[in-house]
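K.L.:
This is a predicted model, with the sequence first.
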Amino acid sequence: MTIAKAINRALADELAADEKVLLMGEDIGSLGGVYRVTEGLKARFGADRVVDSPLAESGIIGTSIGLALRGYRPVAEIQFDGFVFPGFNQITTQLAKMRARTRGAASVPVTIRIPYGGGIGSIEHHSESPEALFTHTAGLRVITPSNAHDAYWMTRQAVRSQDPVIIFEPKRRYWLKGEVDLSEAGHRGLSAFEAQVVREGTDVTIAAWGPLVPVALAAANAAAEDGRSVEVVDLRSLSPVDFDALQASVEKTGRMVITHEAPTFGGLGGEIAARLMERSFLHLEAPILRVGGFHLPYPPSRVEEQYLPDLDRLLDAVDRTFAY
Amino acid sequence: MPQTPPPTPATELPDGAVRLLDADGTLHEDARFSPYLQGLADETLQRMYRLMATERRVDQEGTSLQRQGQLALWVPAVGQEGAQAGALTALRDEDWIFPTYREHLLALGRGVTPGQLFELFRGTAHAGWTAADHRVQPYTLVLAAQTLHATGYAWGIARDQSDWDAERRAAEGQVVLACFGDGASSEGDVHESMVFAASYDLPVVFFCQNNQWAISVPASTQTRVPLARRAAGYGFEGVTVDGNDPLAMHAVTAWAAEQARTGAGPVMIEAHTFRSGAHTTADDPTKYRTREEEQAWAAVDPLARLAAHLRATGAAGADPDAFFADVAAEGEELARRTREAVLAMTGDALPTLDDVFETVYAEPHPLVAEELAWHRQWQAGFADAETAEGDAS
Ligand SMILES: Cc1ncc(C[n+]2csc(CCOP(=O)(O)OP(=O)(O)O)c2C)c(N)n1
């Protein structure tokens, strides 16, 4: 099934499993969401549990916090990445801090789903990758699936988490199809907050997440033609980052390229590079390189290809790690 | 007191709403607002109709261009021409407009070319025109944000004009039109902008186009009462107007602008109207709207109503058929120019990422300079590779 369908299925299964779960967001009911991710859920679970909210992100997040304090498990949809900011205040100053502020007495199991990232030829505010703004805030968990199987299981695990979880859904991959093992053992013991090696290799590691995982895999294939063995790690979780998995990989290969769509400066790539320097300095054959977006507002879509990390830029970085 | 949500289909006007022109084109007297139609020249009425009809034609071209893959998205404004034409013609050229993303008539009427208008939707720019040239700010996609900008701009006007007397204000004072939708009215920014506008008596006209739907969500989810009633809670006046009546829209906007211009503070206008097409070309209204509702609204289409009035009163000139034929021809011509302009935005006419590098900061920024240098070198590498390939073949 597609990633969109996998998320839909995960939400349906959680709604069915726990009557405290409820969905809310703009246009998620009758319309089924602008990406149809919540299609059919209102018909099945009712307008009480799949709520077309007023058009107000601060309201959506803020009331989700209140519902969570009352024992519910709200799953809020933000329609697009660029529209999360009217709710940013509630997410960063309230949702993230509620548990610590109450010295652990209050959990706020709110899940926030945000379609994110570019590459779909859209207009302003529909292509952004603001993940670092959230990973920088303690108290939130941030994840991003890259394939249908993970989308299903990670969504279910997020809804069940006692902590607030933000799921960044790579919108340009919504229609990417893949096998999903729905059986209870389907997640194979892998938590939503762990990374996964999605391709084994020995010469260099590419660390990627969400929309860029397929690009990293394509780069690995292309590099293989040049006789280079690339390992690809899908981070899956951006907060926490599974540094053990990354460390194991980079100590095996000695080289690493980190790629993300968000601007390189101040992005998560810098944090990962710095940590791995501390952990694995003596195992590195080359500095860890980053391939990300520029320090620019996301550009008009006709030039987004020049902005987005692509196969060529990844391969160039891979080459450069061999130049040391 | 419990309030009942507005009925759907909501072609019925809420109590107290202003309508001056009936569906068949006859004009009513209204003690308060009719005076604002006095002295309305036939040319202005003709201009209103022309703006409405040509915008509709360009708008249809937008949908076809999107269907043909030439635009990333189009946001149709069909059905809302009356609200926009009435408001625009009641403003002065010096007044400022802070639009959202569906104010095509306001932009075109202020001299923005279709080519400039379509850049956003083609994905070649975030804003195709220079605001100061038209006193129209760029379209805003984050809902309601511009209502605060409008209020701040009006604050600046109020400061600049603080020592003006009433006469000078009436003659030269500027006002700001803050556009937003029924959906956006739920955003906190609208609340805060109204608080600021009221606190400092700012010359803002809040212009809410209640087209009944925020994508798939009916206005009744955003409010239990006509939106204009909210203004009372902030301490200024709100008026609901038949948004498909361009003359009522003109009169009420002229009144509101006069209030704001002369220092009486903000006013809110709720145009009760309908978007007859999809929310955008990415939307499928059959998922949430009924045929009956669309038909009920089609019966009160603003173009037909103004056309009937122009014919009945002779305002369309001695030969009304010739007038309407002329407008239709102008619409075709504008549509042709629109298509031409859009198709020309390709190849060398496209912006490059360099444009973004050059405009992101006003002053030199070392990181941007470094990344730009890298980007240029990277692009040049491809150009070299192409030349090399070319040479080889
Ligand atoms: C802050 C924000 N949230 C969500 C969106 C996505 N969105 C775009 S238009 C729209 C509906 C707006 O409805 P309304 O304000 O009534 O204006 P209309 O489109 O009907 O003219 C939504 C939800 C957005 N653009 N900005």
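P.N.:
Done, it's in. Numbering: from 1, shown residues only, chains lettered A, B, ... in the order given.
K.L.:
Which pLDDT value goes with whatever residue of the stretch 151-300 of chain B ends up closest to the ligand?
P.N.:
At 2.4 Å from the ligand, B:G181 is the closest residue in the stretch 151-300 of chain B, using C-beta to the nearest ligand atom. To be clear about C-beta, it is placed using only N, CA and C from the backbone, and glycine gets the same treatment. Looking at B:G181, its pLDDT is 98.
K.L.:
In this structure it contacts B:Q212, no?
P.N.:
No - using C-beta atoms under 8 Å, B:G181 is not in contact with B:Q212, being 10.0 Å away.
K.L.:
okay, those two: which has more neighbours?
P.N.:
B:G181 (27 against 23; other C-beta atoms under 10 Å in any protein chain shown).
K.L.:
follow-up on the earlier one: any idea how far the residue of the stretch 151-300 of chain B closest to the ligand lies from A:N8?
P.N.:
28 Å (C-beta to C-beta, to the nearest Å).
K.L.:
check contacts around the closest residue to the ligand within the stretch 1-150 of chain A.
P.N.:
Residue nearest to the ligand within the stretch 1-150 of chain A: A:F83 (3.6 Å; C-beta to the nearest ligand atom). By C-beta atoms under 8 Å, 6 or more residues apart in numbering or on different chains, the contact list for A:F83 reads A:E57, A:H125, B:V142, B:L143.
K.L.:
Just name the lowest-scoring one in those residues, pLDDT-wise.
P.N.:
A:H125 (94).
K.L.:
distance of the nearest residue to that one once chain neighbours are set aside from A:A323?
P.N.:
Closest residue to A:H125 apart from its sequence neighbours, by C-beta to C-beta, 6 or more residues apart in numbering or on different chains: A:G82 at 2.9 Å. Distance, A:G82 to A:A323, using C-beta to C-beta: 38 Å.
K.L.:
now do A:F243
P.N.:
Taking C-beta to C-beta, one finds A:F243 at 26 Å from A:A323.
K.L.:
Just want to know which of the two has more residues nearby.
P.N.:
A:F243 (16 against 6).
K.L.:
is it true that the more buried one touches A:L276?
P.N.:
Yes - at 7.3 Å, A:F243 and A:L276 qualify as touching, with contact defined as C-beta under 8 Å.
K.L.:
Distance from the chain centre to stretch A:286-298, please.
P.N.:
18 Å (C-alpha atoms, centre = their mean, to the nearest Å).
K.L.:
can you list the residues of chain A near chain B?
P.N.:
With C-beta under 8 Å from any C-beta of the partner chain as the criterion, chain A comes near chain B at residues A:26-27, A:29-32, A:34, A:52-59, A:82-83, A:85-86, A:121-126, A:265, A:294-297, A:299-303, A:306-307, A:313.
K.L.:
Of those residues, grab the buried ones for PyMOL.
P.N.:
Buried residues within the residues of chain A next to chain B, by 16 or more other C-beta atoms under 10 Å in any protein chain shown, are selected in PyMOL with:
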select buried, chain A and resi 26+27+29+30+31+32+34+52+53+54+55+56+57+58+59+82+83+85+86+121+122+123+124+125+126+265+294+295+296+299+300+301+302+303+306+307+313
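K.L.:
What about the residues of chain A next to chain B, which are in helices?
P.N.:
A:E57, A:S58, A:G59, A:Q306, A:Y307, A:R313 (DSSP state H).
K.L.:
In TSV, list the residues you listed along with distance to A:A248.
P.N.:
Below are those laid out as TSV (distance: C-beta to C-beta, whole Å):
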residue	distance to A:A248
A:E57	39
A:S58	41
A:G59	44
A:Q306	35
A:Y307	32
A:R313	26
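K.L.:
from these, which is closest to chain B?
P.N.:
Proximity of those to chain B (C-beta to the nearest C-beta) peaks at A:Q306, which lies at 4.3 Å.
K.L.:
and residue 258, what does it touch?
P.N.:
I went with chain A, as the question did not name one. So A:I258 contacts A:I206, A:A207, A:A208, A:L268, A:G269, A:I272, A:A273, A:I288, A:L289, A:R290, A:V291, A:G292 (C-beta under 8 Å, 6+ apart).
K.L.:
Chain B was what I was after
P.N.:
By C-beta under 8 Å, 6+ apart, the residues touching B:E258 are B:A170.
K.L.:
tell me which element A:S107 falls in.
P.N.:
Assigned by DSSP states H and E, A:S107 belongs to no helix or strand.
K.L.:
residue ranges with poor pLDDT in the stretch 251-393 of chain B?
P.N.:
B:389-393 (pLDDT under 70).
K.L.:
again, 90 this time
P.N.:
Along the stretch 251-393 of chain B, the model assigns pLDDT under 90 to residues B:348-349, B:351, B:382-393.
K.L.:
Chain A contacts on that one?
P.N.:
So the stretch 251-393 of chain B meets chain A at B:282-284, B:287-288, B:345, B:350-353, B:356-357, B:360, B:365, B:367-368, B:371, B:375, B:378-379 (C-beta under 8 Å from any C-beta).
K.L.:
Now list the buried members of those residues.
P.N.:
For these, buried by 16+ other C-beta under 10 Å: B:D283, B:Y288, B:M345, B:P351, B:T352, B:L353, B:V356, B:F357, B:V368, B:E371, B:H375.
K.L.:
Restricted to helices, list those residues.
P.N.:
Those of these lying in helices (DSSP H): B:L353, B:V356, B:F357, B:V368, B:E371, B:H375.
K.L.:
show me what contacts B:V205?
P.N.:
Taking C-beta under 8 Å, 6+ apart, we find B:V205 in contact with B:V175, B:V176, B:L177, B:A178, B:T253, B:A256, B:A257, B:A260, B:P266, B:V267, B:M268, B:I269.
K.L.:
any idea which helix or strand carries the fourth one?
P.N.:
In other words, B:A178. strand B:176-181.
K.L.:
C-terminal to that strand, which secondary structure element comes first?
P.N.:
Trace forward from strand B:176-181 with DSSP H and E and the next one is helix B:188-199.
K.L.:
tell me the mean pLDDT for that next one?
P.N.:
Mean predicted confidence for helix B:188-199 is 98.
K.L.:
Downstream of that helix, the next helix or strand is which one?
P.N.:
In N-to-C order, the element after helix B:188-199 by DSSP H and E is strand B:204-210.
K.L.:
Tell me the strands beside that next one, with direction?
P.N.:
Sheet pairing of strand B:204-210 (DSSP bridges) gives strand B:176-181 (parallel), strand B:267-272 (parallel).
K.L.:
so B:Y36 sits in a helix?
P.N.:
Yes - with DSSP: H, G, I helix; E, B strand; the rest coil as the criterion, B:Y36 is located in a helix.
K.L.:
That one touches B:A254, doesn't it?
P.N.:
Yes - between B:Y36 and B:A254 there is a contact under C-beta under 8 Å: 4.2 Å.
K.L.:
okay, and the common contacts of those two?
P.N.:
With C-beta under 8 Å, 6+ apart, B:Y36 and B:A254 have common neighbours B:A90.
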